[in-house]
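1. Fold the following, please.
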Amino acid sequence: MAKPDKYELVAELARRRGFFWPSFEIYGGVSGFLDLGPLGTLMKRRIVDKWLDTFVRKHGFVEVSTPIITPERIFQASGHVAHFKDSMVGCLSCKRRYKADNLLKEAAGVEGEGFSLDEIENIISEKKIRCIECGGQLSKPEYFSTMFRTTIGPYTESVAYGRPEAAQGMFVDFKRVF
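-> Below is the predicted model of the structure:
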């Protein structure tokens, strides 16, 4: 008899007790998204307060709260637009996409983090790497931004991103708070 998975047991207990459950569950859910129930919300608030007491308030620091959606010019100035990117390849048959360094490691045992697009393409060619799902041919590697891109309001020229780091607004507001 198979041993029960501890993660599944804890997750099921948390759902029954009202700590958390899958977001959008009535529409099939989305992997990795969770809603906090009454007890989960209370537990999160207590953890945040404890963290703030220990690392912020005790030392006389102050808090700021800034928007998650941030104008593109902030991330251009910080270098995030240019550098928060990863390489990706896609299957030309089944359309599955792979983060290139993960594919190189899984398919060929090669640590490919930090490789250029040309280096990735050469390794795929040399090792004859194909799609893990269907065996199809892979596309040329290309970069994709790891930041969530959106626009502010109905104006498509007003590009913004979901901040990739919680500290970003703190740096923008530092002079004002100081």
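2. When you work out contacts or count neighbours from here on, use the C-alpha atoms and nothing else.
-> OK.
3. if we look at the one helix or strand E119 maps to, which residues are touching it?
-> With secondary structure defined by DSSP states H and E, E119 is part of helix 117-126. The contact list for helix 117-126 (C-alpha atoms under 8 Å, 6 or more residues apart in numbering) reads 87, 100, 104, 112, 130, 140-142.
4. Restricting to C-alpha, output that helix in PDB.
-> Only the C-alpha atoms of helix 117-126 are listed here, as PDB (Å, rounded to 0.1, in the frame of the first residue of the first chain):
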ATOM      1  CA  LEU A 117      21.300  32.200 -27.400                       C
ATOM      2  CA  ASP A 118      24.000  31.000 -29.800                       C
ATOM      3  CA  GLU A 119      25.500  28.700 -27.100                       C
ATOM      4  CA  ILE A 120      22.000  27.300 -26.400                       C
ATOM      5  CA  GLU A 121      21.300  26.700 -30.100                       C
ATOM      6  CA  ASN A 122      24.700  25.000 -30.500                       C
ATOM      7  CA  ILE A 123      24.100  22.600 -27.600                       C
ATOM      8  CA  ILE A 124      20.600  21.800 -28.800                       C
ATOM      9  CA  SER A 125      22.000  21.000 -32.200                       C
ATOM     10  CA  GLU A 126      25.100  19.100 -31.000                       C
END
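5. Please compute how far that helix lies from its chain's middle.
-> With C-alpha atoms, centre = their mean, to the nearest Å as the basis, helix 117-126 stands 26 Å off its chain's centre.
6. How about stretch 106-125?
-> Counting by C-alpha atoms, centre = their mean, stretch 106-125 is centred 22 Å from the centre of its parent chain.
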